[in-house]
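Peer 1: sequence and predicted structure below; questions after.
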Amino acid sequence: MSISLPRHVLAVSAAAILVSLTAGCGGGSTQAVCQDAVKAFQDYSTQAAAGAGNLDAFNSANADLAAKLKDLSGKADGDLKATLADLSTSWGGIKIDASNPAAASGELAKMGTKATEATQKLAANCS
């Protein structure tokens, strides 16, 4: 069973993340990790939009972002490290079950919340 995921929800969330992160990448030792985080979210935005009609591809994009964030957390220090690890765990936990489309809207709402939190946390740690 397939459901159609609203592309505009994904696009708006991803765009908000990218705008905030791009504006928030400051100098210092965190700059490279922050730039890599922006790139990870850019890649995710493309993958998630492409998978909007395909739950397996969408779930794969979430898992891929989680893996990238986990890798980046290993390269960071302090609050940035903790934030990236937390976001990796959060994104890794987002999986939409095709056999339960009713739960998909709840998962998408959670994803929107997590996207907003990601924007705020990473912008704060990368400024």
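Peer 2: Okay, I see it. Numbering: from 1, shown residues only.

Peer 1: could you pull out the helices for this structure?
Peer 2: For the chain, helices defined by DSSP state H occupy the ranges 7-24, 31-50, 55-73, 78-92, 101-126.

Peer 1: let me have the ones you listed in CSV, extended by mean pLDDT.
Peer 2: Shown next, in CSV, are those (pLDDT from 0 to 100):
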stretch, mean pLDDT
helix 7-24, 50
helix 31-50, 85
helix 55-73, 90
helix 78-92, 87
helix 101-126, 75
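
Peer 1: okay, these in TSV with mean neighbour count next?
Peer 2: C-beta coordinates here come from the backbone N, C-alpha and C atoms, glycine included. Listed next are those as TSV, based on neighbours: other C-beta atoms under 10 Å:
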stretch	mean neighbour count
helix 7-24	17
helix 31-50	19
helix 55-73	19
helix 78-92	18
helix 101-126	17
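
Peer 1: not counting its neighbours along the chain, what's nearest residue 126?
Peer 2: Leaving aside its sequence neighbours, residue 126 sits nearest to residue 34 (C-beta to C-beta, 6 or more residues apart in numbering; 3.7 Å).

Peer 1: do the same with residue 85
Peer 2: Nearest-residue entry for residue 85: residue 73, 4.1 Å, with adjacent residues in sequence omitted and distances by C-beta to C-beta, 6+ apart.

Peer 1: report the contact partners of the one you found.
Peer 2: 81-82, 84-85, 88 (C-beta atoms under 8 Å, 6 or more residues apart in numbering).

Peer 1: out of those residues, which one sits closest to residue 68?
Peer 2: Nearest to residue 68 among those: residue 88, at 8.1 Å, using C-beta to C-beta.

Peer 1: distance of that closest one relative to residue 104?
Peer 2: Noted for residue 88: a distance of 22 Å to residue 104, by C-beta to C-beta, to the nearest Å.
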